[in-house]
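**Student:** here is the input, now give the coordinates:
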Amino acid sequence: MIDVMQTGEVVTIVHGERELMERTAHLMATATDVACAANDLATWARAQASGELAEAIRTRRPGDVRIRKVYRSALLLDPVAAQGLARDRDRHGAQIRITADEINETIILDRRLVILAGDVRAGQRSYSVITQRETVQGVTSLFDAAWRSATELDVYDNRIAEIRQLAPQVLDLLSQGVKDETAARTLGLGVRTYRRRVAELMDALGAGSRFQAGVRARELGLV
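**Tutor:** Numbers count the residues shown, from 1 in each chain. The predicted structure is shown next:
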């Protein structure tokens with residue numbers, strides 16, 4: 001661990017979820033305002049869901065803590081993940097919104113501390129724990145902007161429900177390079193409807209091309 005806080009700085013770099021939990025679990029357990037941005041459900045906090053942190057959160061009364069979470073829209077293409085988000089909202093009273101924009105895994109505690117996820121090296125992910133006021137304010141402002149522009153979970157879930165059902169078949173047809181006319185017939189759709197569904201799928205995946213959509217789908221384990 002590189003702990004520059006000990007030298008008068010206000011950034012701590014830790015390596016691995018266990019070390020991060022040892023450093024911040026008490027802060028997470030007592031925070032009254034938690035903001036989180038993530039591309040998927042495999043966040044360090046969820047990975048430790050069976051530990052002391054989860055137990056501390058479960059003992060908090062409704063209203064004790066404000067929890068806001070922003071997730072990538074591609075997550076809702078996975079039915080299991082979509083159900084997980086709904087459970088998270090209902091169980092912990094979290095406010096959840098969805099965005100198609102690229103986001104970095106970020107946690108903000110009480111607008112005073114920021115945790116930024118870094119790269120994975122040698123099987124461990126690095127995290128920056130930041131208390132420097134101006135940096136925290138900047139990251140918080142970025143989160144607030146993302147929050148305002150994101151869509152409520154239920155609204156986006158309803159919007160994407162149909163394409164979620166078709167996603168595995170559409171992705172399979174795209175991966176095979178099947179022509180739109182043939183793919184549309186296979187799915188019992190008109191060509192224009194099929195192309196609209198492909199466009200919706202690309203938008204949910206945050207992809208600018210069909211090839212990129214396939215890459216993102218593989219990253220997410222959808223194909």
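**Student:** what residues of the one helix or strand residue 147 maps to count as buried?
**Tutor:** For residue 147, the element it lies in under DSSP states H and E is helix 133-149. By neighbour count, with 16 or more other C-beta atoms under 10 Å as the criterion, the buried positions of helix 133-149 are 136, 139, 140, 143, 146, 147. C-betas here are computed from N, CA, C, even on glycine.
**Student:** biggest helix in this protein, by residue count?
**Tutor:** Using DSSP state H to assign secondary structure, the helix with the most residues in the chain is helix 153-175.
**Student:** and after that one, which helix or strand comes next?
**Tutor:** Assignment by DSSP H and E places the next element after helix 153-175 at helix 180-187.
**Student:** and that next one, what does it pack onto?
**Tutor:** If you count contacts as 3 or more C-beta pairs under 8 Å, 6 or more residues apart in numbering; DSSP states H and E, helix 180-187 packs onto helix 153-175, helix 191-205.
**Student:** related to what we said a few turns ago, for residue 123, state which of the buried residues of helix 133-149 is nearest.
**Tutor:** Within the buried residues of helix 133-149, the smallest distance to residue 123 is 26.7 Å, found for residue 139 (C-beta to C-beta).
**Student:** I'd say that closest one and residue 109 touch.
**Tutor:** No. Residue 139 lies out of contact with residue 109 (C-beta atoms under 8 Å); the separation is 11.4 Å.
**Student:** could you figure out how far the longest strand that the chain contains is turned away from helix 133-149?
**Tutor:** Within the chain, and with DSSP state E defining each element, the longest strand by residue count is strand 113-121. What separates the directions of strand 113-121 and helix 133-149 is an angle of 90 degrees, with axes from the mean of the first three to the mean of the last three C-alpha atoms, to 10 degrees.
**Student:** residues in contact with residue 171?
**Tutor:** Residues in contact with residue 171 (C-beta atoms under 8 Å, 6 or more residues apart in numbering) are 201, 213, 214, 217, 222, 223.
**Student:** oh, that last question was meant for residue 98, not what I typed.
**Tutor:** For residue 98, the residues meeting the contact criterion (C-beta under 8 Å, 6+ apart) are 70, 71, 72, 73, 75, 76, 150, 151, 152, 153, 156, 157.
**Student:** returning to that earlier point: can you list the buried residues of helix 133-149 in JSON lines and add distance to residue 92 and pLDDT?
**Tutor:** Supplementary listing: the buried residues of helix 133-149 in JSON lines, determined by distance: C-beta to C-beta, whole Å; pLDDT from 0 to 100:
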{"residue": "136", "distance to residue 92": "23", "pLDDT": "95"}
{"residue": "139", "distance to residue 92": "22", "pLDDT": "95"}
{"residue": "140", "distance to residue 92": "21", "pLDDT": "96"}
{"residue": "143", "distance to residue 92": "18", "pLDDT": "96"}
{"residue": "146", "distance to residue 92": "20", "pLDDT": "94"}
{"residue": "147", "distance to residue 92": "17", "pLDDT": "96"}
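**Student:** adding distance to residue 36, write those out as a markdown table.
**Tutor:** As requested, the buried residues of helix 133-149 are exported to a markdown table (distance: C-beta to C-beta, whole Å):
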| residue | distance to residue 36 |
| --- | --- |
| 136 | 15 |
| 139 | 12 |
| 140 | 12 |
| 143 | 9 |
| 146 | 11 |
| 147 | 11 |
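**Student:** flag the shaky bits of this protein, pLDDT-wise.
**Tutor:** By pLDDT under 70, the weakly predicted segments of the chain are 1-9, 42-63, 122.
**Student:** coming back round to it: in the longest helix of the chain, what counts as buried?
**Tutor:** Neighbour count says helix 153-175 has 153, 156-157, 159-160, 163-164, 166-167, 170-171, 173-174 buried, by 16+ other C-beta under 10 Å.
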